[in-house]
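Chemist: here you go, sequence then predicted model.
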Amino acid sequence: MADTTGHTEELEREYVIPLRRSQFAPSRRRRAGHALDTVRRFVARHMKGRVEDVWIDPRLNESIWEHGIQHIPSQVRVKVIRFEDGLIEVDLMDRA
């Protein structure tokens with residue numbers, strides 16, 4: 001979406017990211033961290049970016065950690081924006 005102020009294209013998508021494997025793959029004390037890594041890898045793959053360029057909103061982090069390190073949600077719904085400079089922003093979608 002180019003405009004007259006010099007801002008250029010940004011790509012915006014919505015995804016439901018499954019976190020089921022993060023409940024079984026790592027040990028019990030690493031589940032929340034593994035889920036965040038899963039979100040980063042998923043977004044980087046689908047938005048054609050680098051894992052290092054993915055920025056996760058603190059609200060998404062808090063929703064994954066809401067019930068502690070062992071009890072993570074089975075999936076999260078996110079809105080992803082990729083800016084032209086390569087930065088990818090991941091925000092938690094509000095529940096309707």
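Modeler: Received the coordinates, thanks.
Chemist: low pLDDT regions in this structure?
Modeler: Across the chain, the ranges flagged by pLDDT under 70 are 1-8, 95-96.
Chemist: which residues of it fall in helices?
Modeler: 21-24, 31-46, 58-65 (DSSP state H).
Chemist: most packed of the ones you listed?
Modeler: helix 31-46 (a mean of 18; mean count of other C-beta atoms under 10 Å). For every residue, glycine as well, the C-beta is placed using N, CA and C.
Chemist: now do that one: distance to the chain's middle.
Modeler: 7 Å (C-alpha atoms, centre = their mean, to the nearest Å).
Chemist: quick one, that helix and helix 58-65 angle?
Modeler: Put simply, helix 31-46 runs at 130 degrees to helix 58-65, going by axes from the mean of the first three to the mean of the last three C-alpha atoms, to 10 degrees.
Chemist: now do helix 31-46: which elements does it pack against?
Modeler: Applying 3 or more C-beta pairs under 8 Å, 6 or more residues apart in numbering; DSSP states H and E, one finds that helix 31-46 contacts strand 11-18, helix 21-24, strand 54-56, helix 58-65, strand 75-82, strand 88-92.
Chemist: about what we covered before: any idea which of the helices of the chain gets closest to Ile72?
Modeler: Set against Ile72 and scored by C-beta to C-beta, the helices of the chain come closest in helix 31-46, at 4.8 Å.
Chemist: residues touching the closest one, excluding its own?
Modeler: Defining contact as C-beta atoms under 8 Å, 6 or more residues apart in numbering, one finds that helix 31-46 is touched by 13, 15, 17, 19, 21-23, 25-26, 49-51, 53-54, 56, 60-61, 64-65, 68-72, 76, 78, 80, 88, 90.
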